[in-house]
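A.B. asks: need a 3D model of the following:
(one chain, ligands or ions: 1)
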Amino acid sequence: MAQASGQVAEAATLLVRIAQKLLIAEDVVRLELVLPDGGPLPAFEAGAHVELRLPGGLVRPYSLCNDPRDSSRYVLGVLREPKSRGGSRAVHEQLQVGQLIEISPPRNRFALASTDGRALLLAGGIGVTPLLAMAHVLHARQQPFALHHAVRSTSRAAFWNEMQASPFAANASLHVDDQPRSRVNLRGLLASPAADDHVYVCGPSGFMAAAVNEAKQAGWAPAHVHRELFSALPAAGPHVVAERPFTIELARSRRRIDVPIGTTALVAMESAGVPVAFSCEQGVCGTCILPLLHGEVDHRDSILTNEERASNRFFVPCCSRAIGPVLVVDL
Ligand code: FES
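C.D. replies: Numbering: from 1, shown residues only. As a prediction, this is how the structure comes out:
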């Protein structure tokens with residue numbers, strides 16, 4: 001994750017206007033954001049997201065789903081989460097057309113691979129949003145691809161009308177859980193991968209885990225399986241160590257901050273007046289990643305790759321902890 005230290009230092013925000021807010025499916029609103037002067041927005045890549053600064057101080061990441069070649073607007077889809085901790089509820093209930101809000105610049109940790117091979121885009125529910133932007137790019141590149149969108153019912157098929165009206169309509173399929181003959185067959189879709197095929201998966205944790213497991217069983221190369229998490233995956237097993245207190249040392253000031261049991265390093269640092277950018281607080285979004293200099297981490301996030309964990313260069317303070325007594329971060 002090369003941009004980890006950049007994320008820490010990055011403070012710039014964009015002020016945008018909500019140009020459109022539409023209920024496009026059960027519990028899903030579609031937002032269009034534009035610059036107040038109507039000028040071009042910063043460029044983004046397919047798979048990128050922006051973080052919305054919401055009323056009440058909440059910060060939440062949402063994927064951009066429009067064609068990245070269109071710099072006039074950012075389009076997002078936001079599901080009202082039944083267990084919302086306030087973010088999606090604020091979007092649904094408080095944001096209004098014409099309102100100005102702050103957002104982060106686009107960031108991407110779910111990029112398309114540089115390859116001419118076939119792309120398989122697998123979306124569960126609102127996870128379709130980054131894959132829509134990918135579909136625009138793949139179609140423009142004339143690269144072979146298929147987008148499969150699995151939903152619980154047709155009333156929840158957000159963006160399906162847009163997909164049917166798009167130039168890549170023939171590449172898109174809808175799968176509906178409550179219609180037995182239309183249910184998604186992940187095993188069939190992932191069978192027999194070619195050497196240069198890549199699969200991109202986005203959706204709820206159960207859908208993601210099933211897709212990644214089927215890909216593994218079918219022999220996909222791990223590096224060709226790309227995923228974007230919206231919520232933390234269920235823990236695969238016991239943590240490396242039982243929770244215990246530890247200390248965060250800030251290398252530049254030599255300041256030490258105690259992290260007691262029951263408190264995250266992120267909260268302890270905030271309480272000590274050391275603000276760290278954060279968003280999901282679940283180890284999913286990557287916003288809070290800190291550069292690590294010394295110490296051994298009990299990784300509890302769902303964002304770092306195995307290689308990043310093995311490098312011992314990153315620490316996700318919203319959920320991960322220390323195995324030893326001290327972690328030294330480059331702050
Ligand atoms: S705030 Fe999202 S990974 Fe830490």
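
A.B. asks: up against the ligand, what does the chain have?
C.D. replies: Applying Cβ under 6 Å from any ligand atom, one finds that the chain approaches the ligand through 278-281, 283-288, 301, 303, 316, 318. No exception for glycine: its C-beta is placed from N, CA and C like everyone else's.

A.B. asks: and those residues, which is closest to Asp196?
C.D. replies: Minimum distance to Asp196 across the residues of the chain next to the ligand is 26.2 Å, recorded for Ile303 (Cβ to Cβ).

A.B. asks: for the residue in the stretch 51-200 of the chain that the ligand sits nearest to, which three-state class applies?
C.D. replies: Nearest residue of the stretch 51-200 of the chain to the ligand, counting by Cβ to the nearest ligand atom: Pro61, 7.8 Å away. With DSSP: H, G, I helix; E, B strand; the rest coil as the basis, Pro61 sits in strand.

A.B. asks: the stretch 151-300 of the chain: helices as residue ranges?
C.D. replies: Remark: helices assigned in the stretch 151-300 of the chain by DSSP state H, counting those that start in this stretch are 160-164, 186-190, 205-218, 265-271.

A.B. asks: show me where the stretch 101-250 of the chain has its strands.
C.D. replies: In the stretch 101-250 of the chain, the strands defined using DSSP state E, counting those that start in this stretch lie at 119-124, 145-151, 172-176, 198-203, 225-229, 246-250.

A.B. asks: return the member of the ones you listed having the minimum mean pLDDT.
C.D. replies: Among the strands of the stretch 101-250 of the chain, strand 225-229 carries the lowest mean pLDDT, at a mean of 84.

A.B. asks: neighbouring strands for that one, and are they parallel or not?
C.D. replies: Using DSSP bridges, the strands paired with strand 225-229 are strand 198-203 (parallel).

A.B. asks: what angle sits between the partner strand and strand 59-63?
C.D. replies: 140 degrees (axes from the mean of the first three to the mean of the last three Cα atoms, to 10 degrees).

A.B. asks: now do strand 198-203 and strand 145-151, the angle between them.
C.D. replies: 20 degrees.

A.B. asks: thought Ala191 was touching Ala218?
C.D. replies: Yes: counting by Cβ atoms under 8 Å, Ala191 touches Ala218, with 5.5 Å between them.

A.B. asks: the residue of the stretch 51-200 of the chain closest to the ligand bridge partners, please.
C.D. replies: Beta-bridge partners, per DSSP bridges, of Pro61: Glu51.

A.B. asks: so for Ala191 and Ala218, which sits in the more crowded spot?
C.D. replies: A count of neighbours by other Cβ atoms under 10 Å puts Ala218 above the other of Ala191 and Ala218, at 16 against 12.

A.B. asks: against Ala215, how distant is the closest residue to Pro144 other than its chain neighbours?
C.D. replies: Spatial nearest neighbour of Pro144, excluding adjacent residues (Cβ to Cβ, 6 or more residues apart in numbering): Arg118 at 4.5 Å. Distance from Arg118 to Ala215, counting by Cβ to Cβ, to the nearest Å: 14 Å.

A.B. asks: what pLDDT, on average, does stretch 21-28 get?
C.D. replies: Here the average pLDDT along stretch 21-28 is 96.

A.B. asks: what pLDDT does the residue of the chain positioned farthest from its centre get?
C.D. replies: What lies farthest from the middle of the chain is Arg254; by Cα atoms, centre = their mean that is 33.1 Å. At Arg254, the pLDDT value in this model is 93.

A.B. asks: one more: Ser88?
C.D. replies: 89.

A.B. asks: who does the one helix or strand it maps to touch, helix- and strand-wise?
C.D. replies: Secondary structure assignment for Ser88, by DSSP states H and E: helix 87-94. With contacts taken as 3 or more Cβ pairs under 8 Å, 6 or more residues apart in numbering; DSSP states H and E, helix 87-94 sits against strand 28-34, strand 59-63, strand 74-79.

A.B. asks: can I get these in TSV with mean neighbour count?
C.D. replies: What follows is the helices and strands packed on helix 87-94, written out as TSV (neighbours: other Cβ atoms under 10 Å):
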stretch	mean neighbour count
strand 28-34	20
strand 59-63	23
strand 74-79	23
